[in-house]
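Student: below are the sequence and a predicted model for it; my questions follow.
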Amino acid sequence: DIHLIICDRNEPELKNSGKNKKWRKIQKLFSKKLKSQLFFEFFWSLLVGVAIKMTSHGPVFYEQTRWGFKEKVFSLWKFRSMRVDAESAGPQWSISNDPRITKFGSFLRKTRIDELPQLWNVVKGEMSLIGPRPERPEFYRKLESEIPLFRFRLLVRPGITGWAQVMGGYASTVGETKRKLEYDLYYLKHMSPKMDFIISVKTISVALKALFPG
């Protein structure tokens, strides 16, 4: 059940928009504090970069165009986890046990370490730590035309992790994306410090399980 109100045909707002707007401001302020953590990010980048170079051919980082808050286009950064020719045939969704993923890239994805470079996107104000994942323009229009309310995800800044990520994992079909949208809309309605704390704990739990299986 999606509780949303439409104030204008072009400007949908959340039912708890006042409360959510206040928390979004807190998130933005917290994101600015990340500037002091850039040394930590640089240290991790060195270690991961060396490992990527030792295990596969190609650059350390991977840049991808994404749509963010209010359809603003930006460059999202990740540690490269696929072969350099992964999209030689054009943009493709990642699938389970994707053969394009390198051996070390699989580890990066399971632990979510491949997303760490996006802290730079957070510092720049293009993303938040937590929120709906930003979609690629190549897929966005198709998803928007097939999934009602899909554009509502753009009401907030996209996140490095989110409720849909910890509850739904990766999506490789329109049907799976519809299911993840339900989680995203749930987050938009209930976003709060408590909700972000729960998502953070679940994200850390996923990473630890990948690092220490069993």
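Tutor: Arrived safely. Numbering: from 1, shown residues only.
Student: CA atoms for contacts and neighbours, from now on please.
Tutor: Noted.
Student: Three-state assignment for the most centrally placed residue in the chain, please.
Tutor: By CA atoms, centre = their mean, the chain has its centre lying nearest to R133, at 3.3 Å. Secondary structure, DSSP: H, G, I helix; E, B strand; the rest coil: R133 is coil.
Student: for it, give me its contacts.
Tutor: 158-162, 165 (CA atoms under 8 Å, 6 or more residues apart in numbering).
Student: among these, which pair sits farthest apart?
Tutor: Maximum pairwise distance among the contacts of R133 (CA to CA): 11.9 Å, between P158 and Q165.
Student: which one of these two has more residues nearby?
Tutor: Legend: neighbour count by other CA atoms under 10 Å for P158 and Q165, higher for P158 (24 against 21).
Student: wait, doesn't that one sit right on G131?
Tutor: Yes - P158 lies in contact with G131 (CA atoms under 8 Å); the separation is 4.9 Å.
Student: ok, which stretches of the protein are strands?
Tutor: 4-6, 12-14, 61-67, 73-79, 128-130, 159-161 (DSSP state E).
Student: just the pLDDT for the residue nearest to the centre of the chain.
Tutor: Listed pLDDT for R133 reads 94.
Student: for it, give its distance to L208.
Tutor: 21 Å (CA to CA, to the nearest Å).
Student: go on, V73?
Tutor: 32 Å.
Student: how about residues contacting stretch 171-183?
Tutor: For stretch 171-183, using CA under 8 Å, 6+ apart, the contacting residues are 93-95, 143, 146-147, 150, 153, 163-165, 167-168.
Student: please disregard the earlier target; I meant stretch 207-214.
Tutor: 107, 110-112.
Student: may I see the buried residues of that stretch?
Tutor: Buried residues in stretch 207-214, defined by neighbour count with 16 or more other CA atoms under 10 Å: 207, 210.
Student: likewise for stretch 141-157?
Tutor: 143, 149-157.
Student: and for stretch 66-81?
Tutor: Within stretch 66-81, the residues that count as buried by 16+ other CA under 10 Å are 66-69, 71, 74, 76-81.
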